[in-house]
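Participant: Kindly generate the corresponding structure for this input.
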Amino acid sequence: MTSRCRAVTATAALSCGAALLAGAACTGVAAAGDPDGEGDLAGKSAQQISDTALHELVAAHSLRLRTRTSADPTELDLTLDRAGNCTGAISKGPSGRVEIIKHGTQVWMKPDAAFWKSQLPGSKGEEAAAKYKNTFLHGTTHDDFLHSLSEACDLTAFQKSAAGSDEPPSGAPSPSRTPTLTKGRPTVHEGARVLPLVKKADGVVQTLYVAIDGKHYPLKLTAEVDHQTGTILLSNYGTPVPATTPAPGDTADISALENLLQGTRGA
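Facilitator: Modelled structure (predicted):
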């Protein structure tokens, strides 16, 4: 991990966490202790396992991505593919939750009542929540709001981030001071046997959980710093994004939201 990953919040640590997968500056450590339960990962170094996990992640054409952090109420739960399609939800905690469907440049979003009330003051939020209950707002990525919302649907960008260079920038610690990536003991994550790979540096603890059975996919990544935590969950590798889109009768044009927001600003 380079100095740019000296996080002061769990959010920042989590954003740098994909570097654990690339691990270019990490020292490989031979398997130690009891290898029972490691399957064909027994005898392989932590670096070799990390490299394999990275390969499987970058090769994936689709997957389910879930994120959460104690430093920010935003949570993602999206099934997405390399074509930029996705379906799922983005939650902002008390500020509401939005279901999202994206196919090509077409985007549908369905806000909940909390979203409308957080966006529109007083009775306007309540009226909008009632009027557009169970309704998808539809538009394209040419709309600024939908474009921003659907940026989370970019699996290719996430994969590039995971595979990005980890070369230390000017002034960064020398490789000899780079913290070691080590193997933990096998455990279970959501019913799958996984092997933890742990890195500790500058008060940041990052753990990558790699599937032991079948393809060695990365299934979970956690970051802990300053009593804050962040988690990325990866699953459903190869599962296509559902092709179903909302029926026309269940949709309204995105201009409805824009008009309501503009009306509020002009009030």
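Participant: Using neighbour counts, pick out the buried residues of the helix ranked longest in the chain.
Facilitator: The helix spanning the most residues in the chain, taking DSSP state H as the definition, is helix 46-59. Buried residues in helix 46-59, counted by 16 or more other CB atoms under 10 Å: Ala46, Gln47, Gln48, Ile49, Ser50, Asp51, Thr52, Ala53, Leu54, Glu56, Leu57. Every C-beta, even on glycine, is put in place using the N, C-alpha and C of the backbone.
Participant: Show me where the stretch 51-200 of the chain has its strands.
Facilitator: Using DSSP state E, counting those that start in this stretch, the strands assigned to the stretch 51-200 of the chain run over residues 62-69, 72-81, 86-91, 97-103, 106-111, 136-140, 182-183, 187-189, 192-201.
Participant: out of these, nearest to Pro240?
Facilitator: Nearest to Pro240 among these is strand 62-69 (6.0 Å), distances taken as CB to CB.
Participant: pull the CA atoms of that closest one into PDB?
Facilitator: These are the backbone C-alpha positions of strand 62-69, laid out as PDB (Å, rounded to 0.1, in the frame of the first residue of the first chain):
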ATOM      1  CA  SER A  62     -20.900  -9.300 -14.000                       C
ATOM      2  CA  LEU A  63     -21.300  -9.400 -10.200                       C
ATOM      3  CA  ARG A  64     -23.200  -8.100  -7.200                       C
ATOM      4  CA  LEU A  65     -21.500  -5.300  -5.300                       C
ATOM      5  CA  ARG A  66     -22.500  -4.200  -1.800                       C
ATOM      6  CA  THR A  67     -20.800  -1.500   0.200                       C
ATOM      7  CA  ARG A  68     -21.200   0.100   3.600                       C
ATOM      8  CA  THR A  69     -19.100   2.300   5.900                       C
END
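Participant: going forward can the numbers begin at 24, since that is how I track them
Facilitator: Yep, numbering from 24; the last one is strand 85-92 now.
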